[in-house]
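Student: how would this look folded up:
(2 chains)
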Amino acid sequence: MKRKFLAMGFGLAMASWLATTWAEVVVVVSAENTNESMSRSELTDLFLGRRYQFPDGAPAVPIDQRERSQAYPEFYAEYLGQTPAQVRAHWSRLIFTGRGRPPHSVPNGQAMADAVADNPRAIGYLHPDHLDDRLRVVQIE
Amino acid sequence: MTDCGSFKLSNETEHKVHDAGSAEAGGRRRVLHLLIEPTFMITGVALLVLTIIWAVTLNLTEREYDAADRTAAALSADVANTYEAQVVRALGEIDHVLRMIRFHLESEAAEEVLDVLGARDLLPPQLLFTISIADARGEVLASNDPEFGDSVASRDHFLRARDEEGMVVGAPHRNGTADEWQLTFARRIVDDQGAFSGVVAVTTYAEYFVSGYDARIMGELGMLGLLGTDGVFRVRRTGDTVTAGTEIDFTSIVSDDDPGPQESAEVATNHWDDVRRYTIARKLFQFPLAIVVGLSEQERLAPADALQRTYMWRAGGASLAVVAILALLGRLSWQLQRARVQVVEERLAHARRVEYMAFHDSLTDLPNRAFFSHLLTQSIRHSRRYGNRIALLFLDLDRFKAVNDSLGHDAGDELLRQVARRLTDTLRESDIVARLGGDEFVVLLSEVTETTQAAKAAEKILSAVGKSFSLAGQELRITVSVGISLFPDDGEDEQTLIKNADVAMYSAKEAGKNNFRFYSKELTTESLERLALETSLRKALERDEFRLFYQAKRDMTTGKISGMEALLRWDHPDLGLIPPMQFIPLAEENGLIVPIGRWVIQTACQQNVDWQMQGFPRLSMAVNLSARQFLEDGLIDDIRHALKASGMAPELLELEITETTIMRDMKKTIKVLHELKRMGVRLAIDDFGTGYSSLSTLKEFPLDTIKIDGSFVRGVDSNAEDRGLTDAVIAVGKSLGLTVVAEGVESQGQADFLRTHLCDQFQGFYINKPMPAEEFAHLLAETNGRE
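Tutor: Model (predicted):
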């Protein structure tokens, strides 16, 4: 519990730091997930369908928010450096050529929190105000 | 006129060369010759090499283009096949979704259907696909996008689906927020009675259908597109640009009959963007759409273009190199050829020079004897054919030998040159002047109608030659004698004409020189006599036909014989005694005077010594020297030899030289006289008064005696002038300390006059005529007595 707090406290600190310097959106996994950090390229690969595993080797299920949500463009801009149009073009190509499907999407931050909390394999993003005990912020280096 | 002759000769030689080969063989040879001519050969090689270079280059580039073309056509077919498969699959998936939803709508409400299917993940990703269900009026019953509009009644897909069976594709439209092209696929829904009850649709981004565009394969100008059977492009993409809505004539690019996947791409200009592409348009079997695939011709052929440029540059470079090398070679060979031509030309010029020299006199540049003979023969031939007359003028310079002897050979040569120039200047161009040798020239006058023409020419020649010449700083006058013979009157052939002109010339000479004579038969007779004389004169020495006569010189006061003068006579076997006047000029001319003179001196000296041995007193012996003899180099030796051989005392020998001889070449004369003087020989000047020597010049000569010419002495009886002159000469002679001898004394009166004027000695017919040695010995014995 102490460790959880510590982690949460650190996560909050990080989140507040990121909020002031970068963005408000954070990458989250289930609290049961042991992965605490990953590289930006690992995150990018997960969300663009090029990789299906966490750094520790466990299978990963990325979850998206709806394209029209506030978090969606922020996340892709901050972490993947891509615009929604680029992301859509990417998935268009993969779907059209039959090589993949985009992550499942949820309507909002709360839905995201629930979806990630329910699935230890899940990874998603949300605004920090949706954070709770079930989730853990993953550090992106 | 000399040139015209040489031209004639060279024309003849060329003629011979021309005749040598037949015209045909010559022509063939000329063609072969042209082919191996460096200029032609090098140009040919250059053209050949350039042709090869460019043929290979063009062939290679054509092959490149062919290959690129085939590749592009095949590639566009590949792309079309892949694209067709992808489009069919994507459309199939969408249609599957439409059918599935329609099926579920039969049992469930629209809202529930979407929720259930969405929960089971049976709907396509919401990221790209929006699903909507509308009722028969177009009211939207359900959508997975909460912000999807309320009504689709006016939408193209709704209108189409309401009226058509099967899946319809609405006209492309832009979505409100992102302003991006979207496509909506729809199917109509019917109720249990089969009546229209709504439309189920899937909307997606038009871009989705062209997302397979791979710039690595299709370049920036390739194209992927979906064309509705209505002729409206649902979407098309070129590079990164995606557009929709362009309307074209569907049948113009899609053929009705299905050619199958093996069809090859045609290059065509795509009207919608004016780009030439390998285009394939293929109608889809199940859907109201056709796929359109295009690869830009420009891009596909770009590597071939680049290669072609490279090849062209290389070929250009190679061509330049070839041209440069061959130009260099050409230049070298041209230089070589020029050098060769130069050598040939030099040889030719040399040959011409040799030919010229063979036919021209090197001194005067006039035709020589050989060439003249050729010209004369030609002229005779010509005249014979046309009945013309020719005049041949034979020229011989008078006194040329004297000029040569006194002024030297260089001056003589210069004189000949000047004479030649005057002759050619004086005569017409058509007249031919030639030099036969020595001082003999001939002139050929062709087409003579009147003999006066020849006479006029001869007169012109006489006056031209008669003008004074300037030689070695001296003014000099010479004359010429001309003999003329006419063709055909005086001879019908070359030799006769020349001989007769020569005869006429001699006649002119004998008639006093400086004039001309026409040939006549009589002249030949004369000339024959003369020829006979000359021949016998040559033999006279061998046959011992010469005799010496002696004429006494007597002392003026005592009347005793003080000396004698040896006089030459020719005792000709047929003609008897010939006086010197008749043969000495001939001997002077042909040089016989030298051996004859030598004989005279030897004989006279020997005679003098003989008489002394016989007991007669020592008397002086006078011998005449002719002009030519005097100037001959061997004279001194001859005299020394004669004195030595006979043992005669030199002071007894007196050499008589005429005044004119002395005046010919003063310098040499003085030199010779001094040498003779050193030998102790006495010197007398003969015929004094006939020349033009001034009395003062007499001092210059080391003389002992002067002999007054008989012509003065003869006049002292009657002529006061002659008396005065004779008196003056005697006085001058005395004052110079010379012995004065009077010649030709024929009377007592003359002798008396001379005696009173203190003349030393005299000789003449008055007392003694010349006589043979034996008679003279008697006379001596009578007059002086033996000692």
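Student: what about the most centrally placed residue in chain B, helix or strand, and which?
Tutor: Of all residues in chain B, the one closest to the mean position by Cα atoms, centre = their mean is residue B:345, 6.8 Å from it. Assigned by DSSP states H and E, residue B:345 belongs to helix B:302-359.
Student: helices or strands next to that helix in the packing?
Tutor: When contacts are defined as 3 or more Cβ pairs under 8 Å, 6 or more residues apart in numbering or on different chains; DSSP states H and E, helix B:302-359 packs onto helix B:2-20, helix B:38-105, helix B:369-386. Quick note: C-beta positions are derived from backbone N, CA and C, even for glycine.
Student: residue contacts, residue B:146?
Tutor: Going by Cβ atoms under 8 Å, 6 or more residues apart in numbering or on different chains, residue B:146 touches no other residue.
Student: find the nearest non-adjacent residue to the residue of chain A positioned farthest from its centre, please.
Tutor: No residue in chain A sits farther from the centre than residue A:97, which is 25.7 Å out by Cα atoms, centre = their mean. The spatial neighbour of residue A:97 that comes closest, neighbours along the chain excluded (Cβ to Cβ, 6 or more residues apart in numbering or on different chains), is residue B:212 at 5.6 Å.
Student: residue contacts, that neighbour?
Tutor: By Cβ under 8 Å, 6+ apart, the contact list for residue B:212 reads A:93, A:96-97, B:82-83, B:86, B:224.
Student: how about 10 Å then?
Tutor: By Cβ atoms under 10 Å, 6 or more residues apart in numbering or on different chains, the contact list for residue B:212 reads A:92-93, A:96-97, B:79, B:82-83, B:86-87, B:90, B:218, B:224, B:237.
Student: can I have the buried ones of those residues as a PyMOL selection?
Tutor: With 16 or more other Cβ atoms under 10 Å in any protein chain shown as the burial test, the buried ones among those are selected in PyMOL as follows:
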select buried, (chain A and resi 92+93+96) or (chain B and resi 79+83+86+87+90+218+224+237)
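Student: isn't the residue farthest from the centre of chain A right next to residue B:87, touching?
Tutor: No: using Cβ atoms under 10 Å, residue A:97 makes no contact with residue B:87, being 11.1 Å away.
Student: pLDDT at the residue nearest to residue B:93 when sequence neighbours are not counted, what is it?
Tutor: With sequence-adjacent residues excluded and distances taken as Cβ to Cβ, 6+ apart, residue B:93 is closest to residue B:124, at 6.9 Å. Here the pLDDT value assigned to residue B:124 is 91.
Student: is it true that residue B:124 touches residue B:114?
Tutor: No: assessed by Cβ under 10 Å, residue B:124 is found out of contact with residue B:114, at 12.0 Å.
Student: what do these two both touch?
Tutor: Jointly contacting residue B:124 and residue B:114 under the rule Cβ under 10 Å, 6+ apart are B:131, B:144.
Student: and the residue nearest the centre of chain A?
Tutor: The centroid of chain A falls nearest to residue A:124 when counting by Cα atoms, centre = their mean (3.0 Å).
Student: how about the secondary structure of that one?
Tutor: strand (DSSP: H, G, I helix; E, B strand; the rest coil).
Student: surely residue B:740 forms part of a strand?
Tutor: Yes: using three-state DSSP, the assignment for residue B:740 is a strand.
Student: in stretch B:121-131, what counts as buried?
Tutor: In stretch B:121-131, the ones that count as buried by 16+ other Cβ under 10 Å are B:123-131.
Student: what's the straight distance from one end of it to the other?
Tutor: End-to-end distance for stretch B:121-131: 13 Å, by Cα to Cα, to the nearest Å.
Student: chain B contacts on chain A?
Tutor: Counting by Cβ under 10 Å from any Cβ of the partner chain, chain A comes close to chain B at A:64, A:66-68, A:72, A:84-85, A:87-98, A:101-105, A:107.
Student: buried subset of the residues you listed?
Tutor: By neighbour count, with 16+ other Cβ under 10 Å, the residues of chain A next to chain B hold A:64, A:66-67, A:72, A:87-96, A:102-103, A:105 as buried.
Student: in helices only, show me these.
Tutor: If you go by DSSP state H, these have A:72, A:87-96 in helices.
Student: part of a helix, is residue B:452?
Tutor: Yes: under three-state DSSP, residue B:452 falls within a helix.
Student: show me the contacts for it.
Tutor: Residue B:452 sits in contact with residue B:459, where contact means Cβ under 10 Å, 6+ apart.
Student: for stretch B:623-631, the averaged confidence score.
Tutor: Average pLDDT, stretch B:623-631: 85.
Student: distance from that stretch to the middle of the chain?
Tutor: Stretch B:623-631 sits 57 Å away from the centroid of its parent chain (Cα atoms, centre = their mean, to the nearest Å).
Student: could you chop chain B up by domain?
Tutor: The record's domain parsing of chain B by automatic domain parsing lists B:65-300, B:369-519, B:541-782.
Student: reformat those as a markdown table; add distance to residue B:52.
Tutor: Formatted as a markdown table, the domains of chain B follow (distance: least, Cβ to Cβ, whole Å):
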| stretch | distance to residue B:52 |
| --- | --- |
| domain B:65-300 | 20 |
| domain B:369-519 | 61 |
| domain B:541-782 | 85 |
